[in-house]
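Visitor: this is a predicted model, with the sequence first.
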Amino acid sequence: EGVLTERSEFVALFDTEDKEIGVQAFLERKKPEWVGN
């Protein structure tokens, strides 16, 4: 049951603008500027 919950939360969070901002900031070695989406 915990794995199913983790999976559904991961899927929901993976498709956000903040994820894209975080990945880009990491690759550019910059501090991310979160928008909260």
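Guide: Okay, I see it.

Visitor: where exactly do the helices run in the protein?
Guide: Counting by DSSP state H, the chain has these helices, from start to end: 2-14, 17-28.

Visitor: okay, now residue 21: neighbour count?
Guide: Residue 21: 16 surrounding residues under other C-beta atoms under 10 Å. In short, each C-beta sits where N, CA and C put it, glycine included.

Visitor: quick check: it touching residue 36?
Guide: No. Counting by C-beta atoms under 8 Å, residue 36 is not a contact partner of residue 21; they are 10.2 Å apart.

Visitor: just give the closest residue to the residue most central in space within the chain, not the sequence neighbours.
Guide: Nearest to the centroid of the C-alpha atoms of the chain, with distances taken as C-alpha atoms, centre = their mean, sits residue 19, at 3.1 Å. Of all residues not flanking residue 19 in the chain, residue 13 sits nearest, at 6.7 Å (C-beta to C-beta, 6 or more residues apart in numbering).

Visitor: touching, the one you found and residue 20? I think so.
Guide: No. The pair residue 13 / residue 20 is not scored as a contact, 11.7 Å apart, by C-beta under 8 Å.

Visitor: re earlier: could you dump the helices of the chain to TSV with mean pLDDT?
Guide: Shown next, in TSV, are the helices of the chain (pLDDT from 0 to 100):
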stretch	mean pLDDT
helix 2-14	90
helix 17-28	93
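
Visitor: most tightly surrounded among these?
Guide: helix 17-28 (a mean of 12; mean count of other C-beta atoms under 10 Å).

Visitor: thanks a lot, catch you later.
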